[in-house]
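>>> Let me see the structure of the following:
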Amino acid sequence: MQSQNIDLIRTVFQSRLTTLEHLLKSARTPDCDYESFLQKRIVADMLPFGTQIAFTCNQPHNFALWCNGKPANNLDPKVTSLAQASLVHRKH
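Numbers count the residues shown, from 1 in each chain. Presented below is the predicted three-dimensional model:
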């Protein structure tokens, strides 16, 4: 894959992860019920926010694996704590 394409893909992934990081930091308030926060949905037919975190991290994670000729390895979509969400995000 051409370097220019890789740079474009990296920019897209970085933008998504930066947005995710902002959302996770915004949730870190003394009065936030994190488990409840991770179960929230923007719309009724959307998966919970915790699952969206795993999906957001799976994209760059699996792309990097694919670039290295390795099979996809999806993260557990059941993110139930803010600590787990932050850990998933930091790994990618």
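>>> what's the spacing between residue 83 and residue 38?
11 Å (Cβ to Cβ, to the nearest Å). C-beta: built from backbone N, CA, C; applies to glycine.
>>> do the same with residue 25
Residue 25 is 14 Å from residue 38, by Cβ to Cβ.
>>> Which of the two has more residues huddled nearby?
Shown here are residue 25 and residue 38; by other Cβ atoms under 10 Å, residue 38 has more neighbours (21 against 10).
>>> And the pLDDT for the more buried one?
For residue 38, the pLDDT comes out at 84.
>>> Which of the helices or strands spans it?
Per DSSP states H and E: residue 38 is located in helix 34-39.
>>> Packing partners of that helix?
helix 49-67, helix 82-91 (3 or more Cβ pairs under 8 Å, 6 or more residues apart in numbering; DSSP states H and E).
>>> burial count for residue 39?
14.
>>> Go ahead and confirm it touches residue 50.
Yes. With contact defined as Cβ atoms under 8 Å, residue 39 counts as touching residue 50 (6.8 Å).
>>> could you point out the longest helix in this structure?
If you go by DSSP state H, the chain has its longest helix at helix 3-27.
>>> Let me know the angle separating it from helix 49-67.
Here helix 3-27 points in a direction 160 degrees away from that of helix 49-67 (axes from the mean of the first three to the mean of the last three Cα atoms, to 10 degrees).
>>> looking just at contacts, which helices and strands does helix 3-27 meet?
Applying 3+ Cβ pairs under 8 Å, 6+ apart, we find helix 3-27 packed against helix 49-67, helix 82-91.
>>> From residue 5, how far off is residue 63?
According to Cβ to Cβ, residue 63 and residue 5 sit 11 Å apart.
>>> let me redo that: residue 31
Per Cβ to Cβ, residue 31 is found 44 Å from residue 5.
>>> the more surrounded of these two?
In this view residue 31 and residue 5 are compared by other Cβ under 10 Å, and residue 5 has more residues nearby, 9 against 4.
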